[in-house]
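Asker: no FASTA, just this:
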């Protein structure tokens with residue numbers, strides 16, 4: 001736990017924002033959510049989000065009068081972005097939900113910090129901090145829950161979920177990242193009972209939560225010591241526990257993703273941490289049990305990420321390929337991840353240069369070869385020979401071999 005004043009309060013741009021929106025220090029502006037929570041837990045700083053007792057139009061007016069740039073990024077939800085010397089800060093006016101449909105909310109602005117806290121998802125996110133580092137806990141439960149590592153919905157879990165069913169995914173992700181105890185029983189029960197609501201979420205939002213969960217499972221929290229026999233500070237065991245809970249609650253079934261390979265997921269995550277080469281994307285392969293097409297249809301991944309996962313799948317099926325050939329054929333990222341899964345040493349692969357085939361089609365044309373299908377065939381045979389010779393033959397040797405194969 002951290003009792004020191006957070007360093008982010010010393011950022012001069014943040015102090016300017018406090019001077020503008022709370023110049024009399026009457027408590028009109030406070031930091032809220034992730035940055036406060038992570039400071040309490042001694043974790044790396046979260047995003048600096050701010051809550052303000054002024055309505056959004058007043059926030060815009062006051063900031064513009066002070067010469068600050070204001071962007072109405074989420075004006076309809078009471079959020080504007082204030083840019084100070086190139087640093088953006090999201091400022092959201094205090095509000096309470098009047099009506100929700102599970103995705104969108106009609107809100108009313110006010111000056112009650114308790115009302116604002118009651119509309120948030122988890123108690124550990126309903127914490128506020130002023131410019132001097134004083135922490136405010138309007139619900140009188142957030143501080144204790146954060147320190148105890150208890151991920152608990154604010155108020156009625158079912159009501160929170162029906163306001164925004166993404167909170168089901170966030171419940172699992174926050175448990176993977178912060179939980180020190182078993183799942184909050186009421187929260188877990190509500191998530192399981194309403195899991196079918198996940199079908200209403202966009203693929204983009206679901207993908208974002210899965211990606212954050214994978215990233216955070218490989219990211220240390222607090223002081224971290226890494227040894228082969230023990231991982232202190234990382235969250236792999238908790239991550240796996242959460243995945244099992246998600247399986248029990250039919251999350252993957254509802255989202256149309258094949259059942260995860262939990263043992264492989266844990267194995268590769270631990271190996272990534274031990275070797276300090278964490279690549280969260282490759283956990284997706286085991287999240288779908290190796291069935292990539294169901295993953296691609298259920299989530300939104302870039303073409304680059306899809307291709308990396310396809311290459312990873314192909315590399316895993318190459319049982320006899322040497323380290324250097326894996327490096328050459330699939331690139332460093334895929335090669336390293338493949339070797340990790342297979343339990344092989346990755347130190348050399350992390351450092352050595354990727355081999356480059358020393359000749360191209362133009363080189364053969366310059367040596368009397370003719371255009372046509374035979375040119376490509378000879379080039380391919382030469383490449384295969386070069387690989388079999390452990391990538392040692394140079395340009396001239398490859399030209400000589402190509403001539404021999406072509407009878408030139």
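Answerer: Arrived safely, thanks for sending. No experiment lies behind these values; they were computed from the predicted model shown. Residues are numbered from 1 along each chain as shown.
Asker: can you map out the strands along the stretch 1-150 of the chain?
Answerer: In order along the chain, the stretch 1-150 of the chain carries the following strands (DSSP state E, counting those that start in this stretch): 29-32, 49-52, 69-74, 79-84, 87-93, 95-100, 105-109, 128-129, 135-136.
Asker: which neighbouring elements make contact with the fourth one?
Answerer: For strand 79-84, the elements it packs on are helix 12-21, helix 56-65, strand 69-74, strand 87-93, judged by 3 or more CB pairs under 8 Å, 6 or more residues apart in numbering; DSSP states H and E. From N, CA and C alone the C-beta is placed, and that goes for glycine too.
Asker: can you give me the distance of residue 400 to residue 375?
Answerer: Separation of residue 400 from residue 375 (CB to CB, to the nearest Å) stands at 16 Å.
Asker: okay, these two: which has more neighbours?
Answerer: Applying other CB atoms under 10 Å to residue 400 and residue 375 shows that residue 375 carries more neighbours, namely 16 against 13.
Asker: touching, the more buried one and residue 369? I think so.
Answerer: Yes. Residue 375 lies in contact with residue 369 (CB atoms under 8 Å); the separation is 5.5 Å.
Asker: residue 331: which of the helices and strands packed on strand 79-84 is closest?
Answerer: strand 87-93 (34.5 Å; CB to CB).
Asker: who does that closest one pair up with?
Answerer: When pairing is defined by DSSP bridges, strand 87-93 lines up against strand 49-52 (parallel), strand 79-84 (antiparallel).
Asker: among the ones you listed, which is nearest residue 135?
Answerer: Comparing these against residue 135 with CB to CB, the closest turns out to be strand 49-52 (13.4 Å).
Asker: show the average pLDDT along that closest one.
Answerer: Mean pLDDT, strand 49-52: 96.
Asker: residue 283 is in contact with residue 268, isn't it?
Answerer: Yes. The pair residue 283 / residue 268 is scored as a contact, 6.8 Å apart, by CB under 8 Å.
Asker: the more surrounded of the two?
Answerer: More crowded of residue 283 and residue 268, by other CB under 10 Å: residue 283, with 26 against 20.
Asker: now the more buried one, nearest residue through space, not along the chain?
Answerer: residue 214 (4.4 Å; CB to CB, 6 or more residues apart in numbering).
Asker: doesn't residue 280 make contact with that neighbour?
Answerer: Yes. With the criterion set as CB under 8 Å, residue 214 and residue 280 qualify as a contacting pair; they are 3.8 Å apart.
Asker: the two: which has the busier surroundings?
Answerer: Set side by side, residue 214 and residue 280 show unequal neighbour counts under other CB under 10 Å, the larger going to residue 214 at 24 against 18.
Asker: per-residue pLDDT, residue 137?
Answerer: At residue 137, the pLDDT recorded in the model is 96.
Asker: please apply the same query to residue 107.
Answerer: According to the model's per-residue confidence, residue 107 sits at a pLDDT of 66.
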